[in-house]
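Output the structure for:
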Amino acid sequence: MKKFSNFDIPFTGLGLGKHHYDFKIDKAFFDLFEYCEINDGNFDVEVEFDKKETMLILDFKMSGEVITDCDRCGSKVTIPAFFNDRVYVKFGDELSEDENILVVPENTHQLNIASLLEEFAVLSLPARKVHEKGKCEKEAIERLEGLNKNDSMEIDPRWEKLKGLVKGNEQEDKP
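Numbers count the residues shown, from 1 in each chain. Sure thing, here's the model as predicted:
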């Protein structure tokens, strides 16, 4: 695909051994992906490309930051992101991917790493994307706290029955 051509690594004319490539990815890069979890970010990417007789070994080092929505308050938060990984590229009959092994057709002359970079950027995200303590949008936090403290909410009667079951089990467990 032409839109990802900046991320092509032609390897046919390369000699055996290690070769180094540097890439920068940013908002424009992430915008190229239709369903990318990252809307904005900046990464510096180093790729060590080791060409062997029968395979290619790519070592990726990514560092940067991602701008995303805070899971707690919903406002924008900047999160530092880092990722390192190794991918083995083997030659076979047809294109396939299994964990860190990528099989490309025998007649392939270049490797496009754009989809790998997007995947690694997403994998660099933490499970919870939140502001540092005290940095969340105050209005949103106040609303959440108000919902938690709302004593006027009527409890669904089905939950009351379940509470009775729990209390009954606790009494049976006591000697």
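
Put the alpha carbons of stretch 48-60 into CSV.
C-alpha atoms of stretch 48-60 as CSV (Å, rounded to 0.1, in the frame of the first residue of the first chain):
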residue,chain,number,x,y,z
GLU,A,48,17.9,-3.5,14.0
PHE,A,49,17.4,-5.6,10.9
ASP,A,50,19.6,-8.7,10.9
LYS,A,51,19.7,-10.5,7.6
LYS,A,52,20.6,-14.1,7.8
GLU,A,53,20.9,-16.8,5.0
THR,A,54,17.4,-18.2,5.6
MET,A,55,15.6,-15.6,7.8
LEU,A,56,15.4,-12.0,8.9
ILE,A,57,15.5,-11.0,12.6
LEU,A,58,14.0,-7.6,13.5
ASP,A,59,14.6,-6.0,16.9
PHE,A,60,12.2,-3.1,17.7
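
Which positions in that stretch come out as buried?
49, 51, 56, 58, 60 (16 or more other C-beta atoms under 10 Å). For the C-beta atoms, the positions are set from N, CA and C on the backbone; glycine is no exception.

before we move on, what about stretch 36-47?
38, 41-43, 45, 47.

List of residues touching it?
9, 20-27, 30, 58-68, 81, 113, 117-118, 121-122, 125 (C-beta atoms under 8 Å, 6 or more residues apart in numbering).

neighbours around residue 107, how many?
Applying other C-beta atoms under 10 Å, we find 6 residues neighbouring residue 107.

Am I right that it is in a strand?
No. Counting by DSSP: H, G, I helix; E, B strand; the rest coil, residue 107 is not found in a strand; it is coil.

What are the contacting residues of the strand ranked longest in the chain?
Assignment by DSSP state E gives strand 76-92 as the longest strand of the chain. Strand 76-92 has contacts (C-beta under 8 Å, 6+ apart) with 41, 43, 54-70, 100-106, 108, 111, 116, 120-121, 123-126, 129-131.

What degree of burial does the closest residue to residue 101 other than its chain neighbours show, as a neighbour count?
Nearest non-adjacent residue to residue 101, counting by C-beta to C-beta, 6 or more residues apart in numbering: residue 88, 4.9 Å away. For residue 88, the count of nearby residues is 16 (other C-beta under 10 Å).
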